[in-house]
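**Q** Fold the following for me, if possible:
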Amino acid sequence: MPSAESVTERAAALRAQIARHDRLYYELDAPEIPDAEYDRLFRELQALEAEHPALRTPDSPTQRVGGKPLPAFAPVRHVVPMLSIRTETDTESTGALNFDARVRRELKLDDTQPPVEYAAELKFDGLAINLRYERGVLALAATRGDGETGEDVTQNVRTIHEVPLTLVPQPPAGELSGRPSLFDAPSVPEIPEVLEVRGEVYMRRDRFDAFNLRADAAGERTLVNPRNAAAGSIRQLDPAIAARRPLSFFAYGLGEVQGWNVPATHAGVLDALAAFGMPVCDHRAVCSGADALAAFHARIAEARAGLPFDIDGVVYKVNSLALQQKLGFVTREPRWAVAHKYPAQEALTTVQDIEVQVGRTGKLTPVARLAPVFVGGVTVTNATLHNFFELRRKKVRKGDTVIVRRAGDVIPEVVSVLTDRREVGARPYFRPKRCPVCDSAVVREKGEVDHRCSGGLYCPAQRKQALLHFAGRRAMDIEGLGEKLVDQLVDGKLILMLPDIYKLGVLKLSELERMADKSAENLVAALEKSKTTTLGRFLFALGIRHVGEATAKDLARHLGSMDRIMDASEAELAQVPDVGPVVAASIHRFFAQSHNREVVEQLRACGIVWEEGEMQVASGPLVGKTVVLTGALPTLSRDEAKDLLEAAGAKVAGSVSKKTDFVVAGTDAGSKLIKAQELGITILDESGLLSLLGNRES
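**A** Numbers count the residues shown, from 1 in each chain. From the prediction side, this is the model:
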């Protein structure tokens, strides 16, 4: 059992740590630890003070919300304190059940009485703000601060487009949609003399990513995460900087109110705020009893990863404002509300090593191997560093203590490094110049962030993807060579290079799992059939980066032979229509690799043949025309029609525009046909198409 002195020292140390992290988070917008680590420290101090009440001092973090206003902002005294609420951290339904049990106990309700009605909503991950409207006009915006006194950030908040500068009464969303309102707000609310609206300033993830991309391209400082971005933006001393940050706002409650008939329920308050033009999140519900709260928690947990913004839990509030008043407060939190959190999406761990993974398309991705840590509901041992530019920007090194984030099913990533914990002598990681799998050169195309292995057909990491692409319908069209079979062939080391597929026999194939003799015979027949192809299909099948089906056909048409294509310079390749410098460089680099040329020669040796000789460019009514296919044709498949059109010199597009020359329409043509009619584009049926094709010369 620890001594009284050691318990006192631990409590003092915890208070000091929490106070430091409060200042970093609330005042300096520079948190060093994730929420889960902070919560752990806070709960430990709460437990110590509960067991030893004499340790509970007036200035303990458990007795206050935390965070003093910055001297640069004018202080704002909150008429109604902005207090925090109790947190439940279990990942299942217990939090909802515990909260309901406490409420019923406080209200002295037994099992024979009806369930309590609650309002359930999201717990946003941003910065709490109090908006004060006087006679309907935004007069003041203040941060939470220490709960009693916040900071005047009016000028910065005015830059958020979602925050109305003037309250304009309008019908509730239910009436606008023709559905009855779920809540009890008046249809056209009157403007209060004073209305303080409380809510959260946040940043959507897509806007956060877009901002960072622009900042990175401009060589400017990027933002750490959406939560810190919101807090840091609001606390900018220059409102012009805040205005450039794409912030949003959700209202979720009230502060001081004068001259307004407040609705009887919290749900009604939110509906009334929406009727004033305030943005209110749609993900909310009125729940009757604990089971309904637990169901809401589970439903939002499932939808969480798909939300456009970050949340770290849900909030339950007794819906009746009269019951809220009856329940009252305890110390720093209301008895009538609780936050039911989800598993932490951020956690601290250490980097044990940095390795490089080579993807199926040759992309090199640096990966941090981590000391196991429980985050986002699972144990994480690896985290992506995305690319080598990101690795350099975050300055991750082996042995570093890092913050790891996992949101929903998203691959875990390293958010940031705690550089003050870095060991002396830790060395930076340097990008490999050779592929760690096949030792081919690592390249990066101009304008791209990803580095790639140039090994192509030779690299084992790319083998499965190369095989599937090679066997595709628009490539070599090897029927029966699907993903599951490719997995068996590669994993069983029956195929080490592309040409090996033509060395497979019925006996060897029939030994594979779920491969009967007949299936093996059919695949061998499909392989034999595929040996007679076209130069365009073969080129496309090789999977050269940037060389799609149309480009492969253009190369075959204008250069005519495989040898000429392989030996062409970048300048010669760039003379082919629609082949620009990037594509030309990619083709030239592919055939500069001796192992890729060797694969081509081995495939030829396996018996793959095509007709060579420079193809004559067709002439006729379809040359240079853009054609769109839509609907089902009577006798031609979509691929057959496309091949005929391209052979006639036409370009086949996927959508109708003013540049479209013809639309070939079959049955069930749909919206493309309608748009073509609206634009006055010539519409052909199959017979009309065949007639035009019959008029061409080749």
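
**Q** residue ranges with poor pLDDT in the stretch 151-300 of the chain?
**A** Within the stretch 151-300 of the chain, the stretches with pLDDT under 70 are 170-189.

**Q** Which parts of it are helices?
**A** 154-157, 173-176, 205-217, 226-234, 239-243, 266-275, 290-303 (DSSP state H, counting those that start in this stretch).

**Q** cool, the stretch 1-150 of the chain as well?
**A** Along the stretch 1-150 of the chain, the stretches classed as helices by DSSP H, counting those that start in this stretch are 4-22, 35-51, 94-106.

**Q** elements contacting the first one?
**A** So the one you mean is helix 4-22. Contacts defined by 3 or more CB pairs under 8 Å, 6 or more residues apart in numbering; DSSP states H and E place helix 4-22 against helix 35-51. Glycine gets a C-beta too; all of them are placed from N, C-alpha and C.

**Q** Val356 contacts Lys363, correct?
**A** No - using CB atoms under 8 Å, Val356 makes no contact with Lys363, being 10.3 Å away.

**Q** Which of the two has more residues huddled nearby?
**A** Neighbour comparison, Val356 and Lys363: the larger count goes to Val356, with 20 against 16 (by other CB atoms under 10 Å).

**Q** got the contact list for that one?
**A** The neighbours of Val356, taking CB atoms under 8 Å, 6 or more residues apart in numbering as the test, are 364-367, 432, 436.

**Q** Closest one to Gln46 out of those, please.
**A** Gln46 lies nearest to Val367 out of these, by CB to CB, at 37.5 Å.

**Q** Quickly note the distance from Ile608 to Gln602.
**A** Going from Ile608 to Gln602 by CB to CB, to the nearest Å gives 10 Å.

**Q** now the helices of the stretch 1-150 of the chain as JSON lines including mean pLDDT and mean neighbour count?
**A** Output for the helices of the stretch 1-150 of the chain, formatted as JSON lines (pLDDT from 0 to 100; neighbours: other CB atoms under 10 Å):
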{"stretch": "helix 4-22", "mean pLDDT": "84", "mean neighbour count": "15"}
{"stretch": "helix 35-51", "mean pLDDT": "87", "mean neighbour count": "16"}
{"stretch": "helix 94-106", "mean pLDDT": "92", "mean neighbour count": "18"}
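
**Q** among these, which is nearest Gly580?
**A** Using CB to CB, the nearest of these to Gly580 is helix 35-51, at 48.1 Å.

**Q** Tell me the helices and strands packed up against that closest one.
**A** With contacts taken as 3+ CB pairs under 8 Å, 6+ apart, helix 35-51 sits against helix 4-22, strand 346-358.

**Q** between that helix and helix 226-234, how big is the angle?
**A** 90 degrees (axes from the mean of the first three to the mean of the last three CA atoms, to 10 degrees).

**Q** can you offset everything so residue one is 51?
**A** Sure, I'll start counting at 51 from here, so that last one is helix 85-101.

**Q** contacting residues for Arg410?
**A** Per CB under 8 Å, 6+ apart, neighbours of Arg410: 511-512, 514-515.

**Q** rewinding a little: with the contacts of Val406 in mind, which one is nearest to Leu441?
**A** Pro416 (4.9 Å).

**Q** roughly how far apart are the closest one and Gly505?
**A** Pro416 sits at a distance of 18 Å from Gly505 (criterion: CB to CB).

**Q** picking that back up, quick one, which of the helices of the stretch 51-200 of the chain is nearest to Ala322?
**A** helix 144-156 (23.8 Å).

**Q** what ranges do the helices span in the stretch 501-650 of the chain?
**A** Per DSSP H, counting those that start in this stretch, the stretch 501-650 of the chain carries helices over the ranges 513-520, 533-541, 556-560, 567-580, 585-591, 599-609, 612-617, 620-624, 631-642, 644-655.

**Q** Deepest-packed of the ones you listed, please.
**A** helix 585-591 (a mean of 23; mean count of other CB atoms under 10 Å).

**Q** Provide the contact partners of that one at residue level.
**A** Contacts for helix 585-591 (CB under 8 Å, 6+ apart): 519-520, 522, 524-527, 583, 597-599, 602-603, 605-607, 610-612, 615, 653, 658, 660-662.

**Q** same thing but at 6 Å, please
**A** Helix 585-591 is contacted by residues 520, 525-526, 599, 602-603, 605-606, 660 when judged by CB atoms under 6 Å, 6 or more residues apart in numbering.

**Q** what ranges of the stretch 551-700 of the chain fall below the confidence cut-off?
**A** For the stretch 551-700 of the chain, counting by pLDDT under 70, the residues that fall below are 663-669.

**Q** try 80
**A** Segments of the stretch 551-700 of the chain classed as low confidence (criterion: pLDDT under 80) are 564, 628, 663-670, 674, 693, 696-699.

**Q** Surely Gly197 touches Met132?
**A** Yes - in terms of CB atoms under 6 Å, Gly197 counts as a neighbour of Met132; the distance is 5.3 Å.

**Q** Neighbour count for these two, which is higher?
**A** Met132 (22 against 17).

**Q** That one contacts Arg194, correct?
**A** Yes - in this structure, Met132 is within contact of Arg194 by CB under 6 Å, at 4.5 Å.

**Q** Out of the contacts of Arg410, flag the one nearest to Asp718.
**A** Closest to Asp718, out of all of the contacts of Arg410 and judged by CB to CB, is Gln515, at 33.9 Å.

**Q** And Gly409, how far from Cys503?
**A** Separation of Gly409 from Cys503 (CB to CB): 9 Å.

**Q** so what's Ala397 bridging to?
**A** Beta-bridge partners for Ala397, by DSSP bridges, are Val454.

**Q** With Val678 instead?
**A** The partner residues for Val678, given DSSP bridges, come to Ala703, Val713.

**Q** okay, now the nearest residue to Leu531 once chain neighbours are set aside: neighbour count?
**A** Leaving aside its chain neighbours, Leu531 sits nearest to Ala521 (4.0 Å; criterion: CB to CB, 6 or more residues apart in numbering). Neighbours of Ala521 under the rule other CB under 10 Å: 24.

**Q** do you know which of the helices of the stretch 201-350 of the chain lies nearest Phe438?
**A** Judging these by CB to CB, what sits closest to Phe438 is helix 255-267, at 13.7 Å.

**Q** Give me the contact list for the closest one.
**A** 272-273, 276, 279, 296.

**Q** Which positions in that helix come out as buried?
**A** Judged by neighbour count using 16 or more other CB atoms under 10 Å, the buried positions of helix 255-267 are 257-258, 261-262.

**Q** Just list the residues touching Leu320, thanks.
**A** Applying CB under 6 Å, 6+ apart to Leu320 gives the contacts Val330.

**Q** so how far is Thr411 from it?
**A** For Leu320 relative to Thr411 (CB to CB), the value is 47 Å.

**Q** Just want to know which of Gly409 and Cys503 has more residues nearby.
**A** Remark: of Gly409 and Cys503, Cys503 carries more neighbours, 27 against 14, as counted by other CB under 10 Å.

**Q** quick one: the more buried one and Cys485 touch, right?
**A** Yes - counting by CB under 6 Å, Cys485 is a contact partner of Cys503 at 3.8 Å.

**Q** related to what we said a few turns ago, adding distance to Ala387, write the helices of the stretch 51-200 of the chain out as CSV.
**A** Formatted as CSV, the helices of the stretch 51-200 of the chain follow (distance: least, CB to CB, whole Å):
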stretch, distance to Ala387
helix 54-72, 21
helix 85-101, 17
helix 144-156, 9
